[in-house]
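> Output the structure for:
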Amino acid sequence: MRIKLTRQDLHECEVLGRDTVKVCKMQKFTPRLDTPDENRVLSNIQGFKAEYAVAKILGCKLPTLNIVTDGGVDLWVEDIGIDVKYTKRSDGDLIFDDFDSFKADVAVLVATTEHDDQVTIVGWLDKETFEARAHDHDYGYGARKVVSNDELFGIESLWTKVVDARYGVH
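Reported below is the predicted structural model:
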């Protein structure tokens, strides 16, 4: 599902991305990857775009700046914790460093597109299904837990789960 972000969304994502990198530098946090600052800024902006898109379609609060950590949960919708992962590749995979890094209830994979104001929501998995489907893969910086994008659930089924949690009779 392709999502178009508004000019306001894009502005807020840029501010959040730049602020995140600036705060990390001021706190002397060591970056995860050795990349130039502008790449870190761009990466953070893309991450916030992904989070904004997911928040908008699921009707939850937009992400905010976290100084220390988000605890592995980017968004909350009802009582469901969501970790939004983004990839620069339309055929990218859902990746975690290890199973313990998957702290949320579900993870949603979002891909950048050729249009700066659009992202594609690739799919999602709950933690249990991720662990059952994951395999090890080394992208050149150590083995990671990976599920290919064609093994993800469509975002419509997460939306249905959210609506059921919000309005369903239990």
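> and for the longest helix along the chain, what are the contacting residues?
In the chain, with assignment by DSSP state H, the single longest helix is helix 37-58. The contact list for helix 37-58 (C-beta atoms under 8 Å, 6 or more residues apart in numbering) reads 1, 3, 5, 9-10, 12-14, 16-18, 20-21, 25, 31, 35, 61-63, 74-75, 77, 82, 84-86, 88, 108, 110, 112, 119, 121, 155, 158-159, 162. In this view, the C-beta of every residue, glycine as well, is placed from N, C-alpha and C.
> Now go through those and say which are in helices.
9-10, 12-14, 16-18, 20-21, 25, 155, 158-159, 162.
> that's a strand at E114, yeah?
No. Counting by DSSP: H, G, I helix; E, B strand; the rest coil, E114 is not found in a strand; it is coil.
> Quick check: phi and psi at G72.
phi 90, psi 10 (degrees, to the nearest 10).
> Touching, D97 and A143? I think so.
No. Using C-beta atoms under 8 Å, D97 is not in contact with A143; the gap is 9.1 Å.
> still on that earlier bit, closest to A134 among the ones in helices among the contacts of helix 37-58?
L158 (18.6 Å; C-beta to C-beta).
> Rounded mean pLDDT for stretch 73-83, please.
The pLDDT scores in stretch 73-83 average 93.
> Specify the beta-bridge partners of the most centrally placed residue in the chain.
Residue closest to the average C-alpha location in the chain (C-alpha atoms, centre = their mean): V84, at 1.9 Å. Listed beta-bridge partners, V84: V108 (assigned using DSSP bridges).
> mind starting the numbering at 9 from now?
Okay, using 9 as the starting number, the last item reads as V92.
> residues in contact with it?
G55, A58, E59, V62, D82, L83, A115, V116, V118.
> Filter the contacts of helix 45-66 down to the buried ones, ChimeraX style.
The ChimeraX command for the buried members of the contacts of helix 45-66 (criterion: 16 or more other C-beta atoms under 10 Å) is given here:
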select :11,13,17,18,20,21,22,24,25,26,28,29,71,82,83,85,90,92,93,94,116,118,120,127,129,163,166,167,170
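> Not counting sequence-adjacent ones, nearest residue to R97?
A119 (6.5 Å; C-beta to C-beta, 6 or more residues apart in numbering).
> That neighbour contacts S98, doesn't it?
Yes. In this structure, A119 is within contact of S98 by C-beta under 8 Å, at 5.1 Å.
> Between the two, which is the more surrounded one?
Counted by other C-beta atoms under 10 Å, A119 and S98 do not tie: A119 has more neighbours, with 20 against 12.
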